[in-house]
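*Asks:* output the structure for:
(2 chains)
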Amino acid sequence: EADIYQTPRYLVIGTGKKITLECSQTMGHDKMYWYQQDPGMELHLIHYSYGVNSTEKGDLSSESTVSRIRTEHFPLTLESARPSHTSQYLCASSQAATEAFFGQGTRLTVV
Amino acid sequence: SQKIEQNSEALNIQEGKTATLTCNYTNYSPAYLQWYRQDPGRGPVFLLLIRENEKEKRKERLKVTFDTTLKQSLFHITASQPADSATYLCALVAHGSSNTGKLIFGQGTTLQVKP
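*Replies:* Okay, here's the model as predicted:
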């Protein structure tokens, strides 16, 4: 059983609001990732971190920001949500050269 | 540019047959390659990892091959069952960056196993 948790599972929010999607893992993994996925479409890496105080942008440009102050916590923030941000956001973690474990995802709808 | 390509068309097979899915990559030198299963509305679940110095890996009804010359991995499910119906994703981390590098996924191939 994967010990990686995302909250909330579902979020409906108005345009212009600031939101933070939470992701926590209890496995002590160094590497953490955020992916964005629209229904039936591919996973796009938007942010990743290979340790505390290290964050890098992924291949898909995103207006979101992330922080990694603690090993177990990798929150994603949108300062001003827009309808184009509507998507599913998946968080994952791994140790070097091993499998990645995914959370259940947050389905975000911006109205 | 770097690309990971999987068959975008769904694969439909009869129960009991072997399903073969393809993953091709360009402009990567992967240290290892992974395969995941994803069901609708859920996050991917890890299935198998194969390293660049391994030709083949097996786990129960699953088999993965890795050809670094062809820049291709094949994923086989033998004696397929309707419960195997899902989207299968390949993913890789580029060589030399396995400690800090990005885990990138292909677009996935949807498998439908008919009873």
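*Asks:* which one is the residue of chain A found nearest chain B nearest to, not counting chain neighbours?
*Replies:* Nearest residue of chain A to chain B: A:Phe102, at 3.0 Å (CB to the nearest CB). For glycine as for every other residue, the C-beta is placed from the backbone atoms N, C-alpha and C. Nearest residue to A:Phe102, sequence neighbours excluded (CB to CB, 6 or more residues apart in numbering or on different chains): B:Gly43, at 3.0 Å.
*Asks:* residues touching B:Lys3, list them.
*Replies:* Going by CB atoms under 8 Å, 6 or more residues apart in numbering or on different chains, B:Lys3 touches B:25-27.
*Asks:* next one: B:Ala19
*Replies:* Residues in contact with B:Ala19, defined by CB under 8 Å, 6+ apart, are B:11, B:13, B:76-77, B:80, B:84, B:111, B:113.
*Asks:* now, which of the contacts of B:Lys3 lie close to chain A?
*Replies:* Applying CB under 8 Å from any CB of the partner chain to the contacts of B:Lys3, one finds that nothing falls near chain A.
*Asks:* okay, those in CSV with neighbour count next?
*Replies:* CSV is the format used below for the contacts of B:Lys3 (neighbours: other CB atoms under 10 Å in any protein chain shown):
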residue, neighbour count
B:Tyr25, 23
B:Thr26, 10
B:Asn27, 9
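*Asks:* quick one: name the residues of chain B near chain A.
*Replies:* Contact residues, chain B versus chain A (CB under 8 Å from any CB): B:31-32, B:34, B:36, B:41-46, B:49, B:89, B:91, B:93, B:98-108.
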